[in-house]
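In: Pasting the sequence and the predicted coordinates here, then a few questions.
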Amino acid sequence: MTSPRDILKTTFGFDHFRGVQEQVVDRVMAGRHTLAVMPTGAGKSLCYQLPALARPGTALVISPLIALMHDQIRSAEAFGIRAASLTSADENRERTIDRLRAGELDLIYAAPERATTEGFRRLIDRVPLSLIAIDEAHCVSEWGHDFRPDYRLLRPLLDAFADVPRLALTATADARTRADILAQLGIAEDGLIISGFDRPNIRYHVQPRDGLGGQLKALLAAHPGPGIVYAPSRDGAEKIAEQVAGGGRKALPYHAGLEPQVRARNQAAFVASEEMVIAATVAFGMGIDKPDVRFVAHAGIPKSVEAYYQETGRAGRDGDPAEAWLFWSAEDFARARRRIETEVEPDRRPGERDRLNALAAFVETAGCRRAVLLRHFGEDPPESCGNCDNCLNPPQTVDATEIARKLLSA
Ligand code: ADP
Ligand code: MG
């Protein structure tokens, strides 16, 4: 059998593991259940792809989105890895099943909805499994920012293959979410591997919204490279794309209201471009591999600190300087608070309130932004990073009372 290090070189063409990759791969190779918490761009896919090649059998990969699976399959195939998915969007299901039965697949991707069906179980019962990877594992937890109830139904499947190492992967999980993932997926506490969350090349800026058009204009003038502007709504995304394009910069919208072909075309144009701005809702970003995004701007507040970290984490994956800009208003917080009190189930409200308060703390801090982010993820950062607005230009006075007043009065 070829060793993981040989495979790293021969199949992937990489000389070194990055960060905790080696630790994660070694654990999975030893057959032990693991939860890997690694930032976006850290190379989580390799953590299951490599053991899938080095261990006998096929790896079952649970993934929440068809688009995400198809991206992963494309990139796996580019390394010569044999991968396929079983989803409603796949027309060659019979062929995939044949390949699976014949042991001709290294990776089989499925969404939790399908993986937990009886038909799937009968199929997989006859296939030797090398491991079970649970990608975007925060979806299993109500504390996470993307709860998917079907992830909760995976446990019987996992327990039916108790000897098969399970590897849960996520970029964003605070302490409570991490503990929940371990419990839900039956992974021992010592199976937790966390890598650093700091993205030192991203410079964080937070500003009250004060004529967004003008603020974006100034931002774009300083940044000729590609960037993402996150808008709170589809209409907002359309409007921003129009405004930016009207100012002479190439810009396209991206949101779930667009035809799938248009969405795919806009995404492909952005990935290929060295200057374009994509004005998008949060529907944009998961599984998109564009290393040279120079800035991510939020035209309104994100859903949570986790969501903010994940969305801004799409900037500067190439390691070159990049910027994150958040334009907020007290009204954003008031609206979010009203939504919690009127639309969220009562037993989930305390958690959501905590999440909103954590975001408010990030926005209104007079101290280091990075320190607030890293502490949120359980790290113990230095007081000052030297690469955020507050560290570069310490504020003279702060008026933290405005958000507090809005939160209380909503
Ligand atoms: P994540 O899922 O953690 O966001 P990916 O698995 O998509 O990250 O990997 C991000 C990029 O890093 C990919 O282009 C991948 O090929 C690259 N990569 C992963 N591991 C290594 C490594 N050890 N050395 C160099 N590049 C790597
Ligand atoms: Mg990934």
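Out: Structure's in. What do you need? Ligands and ions are numbered 1, 2, ... in the order given.
In: drop to CA atoms for contacts and neighbour counts, all remaining ones
Out: Will do.
In: what about the strands in the stretch 251-400 of the chain?
Out: 251-254, 277-280, 295-298, 322-328 (DSSP state E, counting those that start in this stretch).
In: For the ones you listed, give me JSON lines that also has distance to Y309.
Out: Below are these laid out as JSON lines (distance: least, Cα to Cα, whole Å):
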{"stretch": "strand 251-254", "distance to Y309": "20"}
{"stretch": "strand 277-280", "distance to Y309": "16"}
{"stretch": "strand 295-298", "distance to Y309": "11"}
{"stretch": "strand 322-328", "distance to Y309": "10"}
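In: Any idea how many residues pack against D289?
Out: By other Cα atoms under 10 Å, the residues close to D289 number 14.
In: how about the nearest residue to R314, chain neighbours excluded?
Out: Spatial nearest neighbour of R314, chain neighbours left out: V293 (6.8 Å); criterion: Cα to Cα, 6 or more residues apart in numbering.
In: Go ahead and confirm that neighbour touches P226.
Out: Yes - counting by Cα atoms under 8 Å, V293 does reach P226; the two are 5.1 Å apart.
In: Looking at the two, which has the bigger crowd around it?
Out: Of the pair V293 and P226, V293 is the one with more neighbours under other Cα under 10 Å, namely 29 against 24.
In: Apart from its chain neighbours, what residue comes closest to the residue in the stretch 301-410 of the chain positioned nearest to ligand 1?
Out: With Cα to the nearest ligand atom, the shortest gap between the stretch 301-410 of the chain and ligand 1 falls at R317, namely 8.1 Å. Using Cα to Cα, 6+ apart and skipping residues adjacent in sequence, the residue nearest R317 is P291, 4.6 Å away.
In: Now do the one you found against E94, distance only.
Out: 36 Å (Cα to Cα, to the nearest Å).
In: of the two, who's got more company?
Out: P291 (15 against 11).
In: ok, so what distance separates that one from G227?
Out: Going from P291 to G227 by Cα to Cα gives 11 Å.
In: any idea how far ligand 1 is from the residue nearest to R314?
Out: As judged by Cα to the nearest ligand atom, to the nearest Å, V293 and ligand 1 stand 14 Å apart.
In: Repeat that for E22.
Out: From E22 to ligand 1 the distance is 9 Å (Cα to the nearest ligand atom).
In: Just to be sure, that residue is in a helix?
Out: Yes - according to DSSP: H, G, I helix; E, B strand; the rest coil, E22 belongs to a helix.
In: Skip the chain neighbours and tell me the closest residue to it.
Out: C47 (8.0 Å).
In: That neighbour contacts Q23, correct?
Out: No - contact criterion Cα under 8 Å: C47 and Q23 do not qualify, at 9.2 Å.
In: Pick out whichever of the two has more residues nearby.
Out: Taking neighbours as other Cα under 10 Å, C47 and Q23 compare with C47 leading, 23 against 15.
In: looking at this, the more buried one is in a strand?
Out: No - C47 is assigned helix when assessed by three-state DSSP, not a strand.
In: what's the helix or strand for the nearest residue to L185 once chain neighbours are set aside?
Out: Spatial nearest neighbour of L185, chain neighbours left out: R155 (5.9 Å); criterion: Cα to Cα, 6+ apart. For R155, the host element (DSSP states H and E) is helix 155-160.
In: mind listing what's buried in that helix?
Out: For helix 155-160, burial by neighbour count (16 or more other Cα atoms under 10 Å) applies to 157-158.
In: Pull the number of nearby residues for A280.
Out: Neighbours around A280, by other Cα under 10 Å: 27.
In: Next, count neighbours for the residue lying closest to it once chain neighbours are set aside.
Out: Leaving aside its sequence neighbours, A280 sits nearest to Y254 (Cα to Cα, 6+ apart; 4.5 Å). Neighbourhood size, Y254 [other Cα under 10 Å]: 27.
In: the helices in the stretch 1-150 of the chain, which residues?
Out: Under the criterion DSSP state H, counting those that start in this stretch, the stretch 1-150 of the chain contains helices at 4-10, 21-29, 44-54, 66-78, 93-101, 112-115, 118-125.
In: go on, the stretch 201-350 of the chain?
Out: Under the criterion DSSP H, counting those that start in this stretch, the stretch 201-350 of the chain contains helices at 212-222, 234-246, 260-272, 305-312, 330-343, 349-364.
In: Deepest-packed of those, please.
Out: Greatest average neighbour count among those goes to helix 305-312 (a mean of 21), per mean count of other Cα atoms under 10 Å.
In: before we move on, back to that, what is the mean pLDDT for the helix or strand that comes right after the helix holding R155?
Out: Following helix 155-160 in sequence order, the next helix or strand is strand 166-170 (DSSP H and E). In this model, strand 166-170 has an average pLDDT of 97.
In: Any idea how far strand 166-170 is from the middle of the chain?
Out: 13 Å (Cα atoms, centre = their mean, to the nearest Å).
In: how far off helix 21-29 does it point, in degrees?
Out: Strand 166-170 and helix 21-29 are oriented at 150 degrees to each other (axes from the mean of the first three to the mean of the last three Cα atoms, to 10 degrees).
In: And the contacts of strand 166-170?
Out: 28, 32-39, 44, 48, 131-138, 158 (Cα atoms under 8 Å, 6 or more residues apart in numbering).
In: thinking again about what came up before, need the winner for burial among the strands of the stretch 251-400 of the chain.
Out: The most buried one of the strands of the stretch 251-400 of the chain (mean count of other Cα under 10 Å) is strand 277-280, showing a mean of 28.
In: Pairing partners for that one, with directions?
Out: Counting by DSSP bridges, the strands paired with strand 277-280 are strand 227-230 (parallel), strand 251-254 (parallel).
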